[in-house]
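Trainee: Turn this into a model:
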Amino acid sequence: MKCSKPFAWLLPTLPILLALWPSLSMAAEIDASKLQLWWGIPFAGILLSIALLPLFVPTFWHHHFGKISAAWALAFFVPFTIFFGLPQAAVSLIHALLAEYLPFIILLTALYTVAGGIHVRGNLHGSPGLNVSLLAIGTALASVMGTTGASMLMIRPLLRANDNRKHRAHVVVFFIFLVSNVGGSLTPLGDPPLFLGFLKGIDFFWTASHIFPETLFLTFSLLGIFFLLDHWFFRKEGLVPVDPTPDDKELGFDGKINFALLLGVVGLVLLSGTWKSSVVFDIMGTPVGLPGLVRDLGLIGLTLLSLKLTAEKVHSDNQFSWGPMNEVAKLFAGIFLTIIPVIAMLKAGVDGPFGAIVSAVTRPDGSPDPVMYFWITGILSSFLDNAPTYLVFFNTAGGDPVQLMTTLAPTLAAISAGAVFMGANSYIGNAPNMMVKAVAQDSGVNMPSFLGYMVWSFAVLMPLFVIMTFIWFR
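Mentor: Numbers count the residues shown, from 1 in each chain. Okay, here's the model as predicted:
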């Protein structure tokens, strides 16, 4: 399958942008006071498309999801250009492309490719005990190699172990809960929101030391619920059919060179957060720092190196394809564009269209309310990109890393927990969610629809979040 080209439909605009280059750097940020709530319609439209079209017109969606994503992006970009002028629209577009989308998709592609080049040899058998063990290992790895890396490394062995099970969707759902979200809560390497906090000055181990009990509670609760549920399904199935992929090879790894490349990915991400450089390139009004540029170029290099060094048989054994990455790239291209006015309205604070939301996180005496920070950051992170949502409420709480790590530590802990944990509430709450869903579907698992998945998350996760609120965030 061809690799994604999510911005190919924007290429005709580039000559115009280049012609306007001198004026672009002078364009100001979006004046949120001029935005009305209806500017969020394209963003709501792409969310509803992701939620409903696969359910009601699955064949149409499968063949045209990229065009639908592009249509919603244009539904925002064209009116925005008319109302605010081409220079302002171009600045917003280039900023979304260079500062947000490309670094995001380059990192995901690197982790997807490198982790996809590691094949766990030997065919495990998906008993409840083994499944719990695989979920626990993946959850532990997520804070070390990122939720995307851990998800792409562990999902295929888990699917292969359960390929003779009748009921498999619940296994993938809990995998998304744990490996693709909860497991990334302890370090800046685990999840993008925490990495943004690290770049803003939050100590590397601060999050681990402040939400470790919450992470343990959520992890062990989900593992316990999963074991009981999987054990019930396992007994209900009775005699498990003959394994369709018998493999008598000894348990081990193929494509081991990718472990070294994975360390390179982690090193580049960490380097970009610790290396301070005064070298900044201004590209059409968007500053691109040298550390970020080195990181992105290095990640592209590691991606190409992985494809070059990984044997074709390893990719074949892993059923590696560009389908999941293609879907994520195209859908998130639309999301990153249509989210522009939504984030701007949130950044406007109490004076913006979403002033009621921002006001809700403040107590009558003016102090921050950790309970509301946890829930509002979390609910918005379920449907918006959790990284900018984290940043908005980080700044709403004052934006001073020293104060947030000390006197306002409960508030920062609530923001961090809400952004990371509640990314599991929907398929679009965190990028690995959709990637795991796509990989599972490629393997023949009948995954829940967008709304069906939310039934799972509401039934399983919400009660646990309520308990956490009363114990830690009051």
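Trainee: Quickly note the distance from residue 297 to residue 370.
Mentor: According to Cβ to Cβ, to the nearest Å, residue 297 and residue 370 sit 40 Å apart. In this view, the C-beta of every residue, glycine as well, is placed from N, C-alpha and C.
Trainee: Also residue 62?
Mentor: 43 Å.
Trainee: Checking residue 277 next. Helix, strand or coil?
Mentor: Secondary structure, DSSP: H, G, I helix; E, B strand; the rest coil: residue 277 is coil.
Trainee: Chain neighbours aside, what residue packs nearest to it?
Mentor: Nearest in space to residue 277, with sequence neighbours left out and distances taken as Cβ to Cβ, 6 or more residues apart in numbering, is residue 290 at 4.3 Å.
Trainee: list the contacts for the one you found?
Mentor: 277, 279-281 (Cβ atoms under 8 Å, 6 or more residues apart in numbering).
Trainee: All the helices of the stretch 1-150 of the chain, residue numbers only.
Mentor: Secondary structure of the stretch 1-150 of the chain by DSSP state H, counting those that start in this stretch: the helices cover 14-19, 21-24, 41-56, 58-84, 86-95, 102-116, 128-161.
Trainee: and residue 395, which of those is closest to it?
Mentor: Residue 395 sits nearest to helix 86-95 of all the helices of the stretch 1-150 of the chain, at 16.9 Å, using Cβ to Cβ.
Trainee: ok so, going back, which one of residue 62 and residue 370 has more residues nearby?
Mentor: Between residue 62 and residue 370, counting by other Cβ atoms under 10 Å, residue 370 is the more crowded of the two (25 against 12).
Trainee: ok, now which ones touch that one?
Mentor: Contact analysis of residue 370 by Cβ under 8 Å, 6+ apart lists 410-411, 413-414, 473-474.
Trainee: would you list the residues you listed in a markdown table and tack on neighbour count?
Mentor: Output for the contacts of residue 370, formatted as a markdown table (neighbours: other Cβ atoms under 10 Å):
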| residue | neighbour count |
| --- | --- |
| 410 | 19 |
| 411 | 25 |
| 413 | 23 |
| 414 | 31 |
| 473 | 21 |
| 474 | 9 |
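Trainee: any idea which of these is closest to residue 235?
Mentor: So of these, ranked by how close each gets to residue 235 (Cβ to Cβ), first place is residue 473, at 37.5 Å.
Trainee: From residue 371, how far out is that closest one?
Mentor: Residue 473 sits 5 Å away from residue 371, going by Cβ to Cβ.
Trainee: what residues are shared contacts of the two?
Mentor: Taking Cβ under 8 Å, 6+ apart as the contact rule, residue 473 and residue 371 both touch residue 414.
Trainee: Strands along the chain, start to end?
Mentor: All strands of the chain, identified by DSSP state E, fall at 119-121, 252-254, 280-283, 286-289.
Trainee: Next, format those as TSV and append mean pLDDT, mean neighbour count and distance to residue 446.
Mentor: As requested, the strands of the chain are exported to TSV (pLDDT from 0 to 100; neighbours: other Cβ atoms under 10 Å; distance: least, Cβ to Cβ, whole Å):
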stretch	mean pLDDT	mean neighbour count	distance to residue 446
strand 119-121	77	21	24
strand 252-254	78	14	29
strand 280-283	84	13	45
strand 286-289	84	16	42
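Trainee: So which of those is nearest residue 195?
Mentor: Nearest of those (Cβ to Cβ): strand 286-289, 14.5 Å.
Trainee: just to revisit the earlier point, could you export the helices of the stretch 1-150 of the chain as TSV, including distance to residue 433 and mean pLDDT?
Mentor: Shown next, in TSV, are those (distance: least, Cβ to Cβ, whole Å; pLDDT from 0 to 100):
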stretch	distance to residue 433	mean pLDDT
helix 14-19	32	46
helix 21-24	34	46
helix 41-56	11	83
helix 58-84	16	91
helix 86-95	25	86
helix 102-116	12	85
helix 128-161	9	88
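Trainee: Quick one: closest of the ones you listed to residue 454.
Mentor: Nearest to residue 454, of all the helices of the stretch 1-150 of the chain, is helix 41-56, at 8.4 Å by Cβ to Cβ.
Trainee: got the angle for the closest one vs helix 58-84?
Mentor: 170 degrees (axes from the mean of the first three to the mean of the last three Cα atoms, to 10 degrees).
Trainee: and helix 41-56, how far out from the chain's middle?
Mentor: Relative to its parent chain, helix 41-56 has a centroid offset of 18 Å by Cα atoms, centre = their mean, to the nearest Å.
Trainee: re the thing from before, nearest to residue 313 among the helices of the stretch 1-150 of the chain would be which one?
Mentor: Evaluated over the helices of the stretch 1-150 of the chain, closeness to residue 313 peaks at helix 102-116, with 13.3 Å, by Cβ to Cβ.
Trainee: next one: the closest one to chain centre, how far?
Mentor: Relative to its parent chain, helix 102-116 has a centroid offset of 12 Å by Cα atoms, centre = their mean.
Trainee: Please name every helix or strand in contact with it.
Mentor: Applying 3 or more Cβ pairs under 8 Å, 6 or more residues apart in numbering; DSSP states H and E, one finds that helix 102-116 contacts helix 128-161, helix 257-274, helix 290-309, helix 323-338, helix 431-442.
Trainee: Return the second one as PDB; C-alpha atoms alone will do.
Mentor: I take that to be helix 257-274. Coordinates of each C-alpha in helix 257-274 appear next as PDB, following Å, rounded to 0.1, in the frame of the first residue of the first chain:
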ATOM      1  CA  ILE A 257      18.900  -4.000  14.800                       C
ATOM      2  CA  ASN A 258      15.700  -2.100  15.300                       C
ATOM      3  CA  PHE A 259      16.200  -2.100  19.000                       C
ATOM      4  CA  ALA A 260      19.300   0.000  18.500                       C
ATOM      5  CA  LEU A 261      17.400   2.300  16.100                       C
ATOM      6  CA  LEU A 262      14.600   2.600  18.700                       C
ATOM      7  CA  LEU A 263      17.200   3.800  21.200                       C
ATOM      8  CA  GLY A 264      18.200   6.300  18.600                       C
ATOM      9  CA  VAL A 265      14.600   7.600  18.300                       C
ATOM     10  CA  VAL A 266      14.400   8.000  22.100                       C
ATOM     11  CA  GLY A 267      17.800   9.700  22.100                       C
ATOM     12  CA  LEU A 268      16.800  12.200  19.400                       C
ATOM     13  CA  VAL A 269      13.500  13.100  21.200                       C
ATOM     14  CA  LEU A 270      15.300  13.500  24.500                       C
ATOM     15  CA  LEU A 271      18.100  15.600  22.800                       C
ATOM     16  CA  SER A 272      15.600  18.000  21.300                       C
ATOM     17  CA  GLY A 273      14.200  18.700  24.800                       C
ATOM     18  CA  THR A 274      17.500  19.200  26.500                       C
END
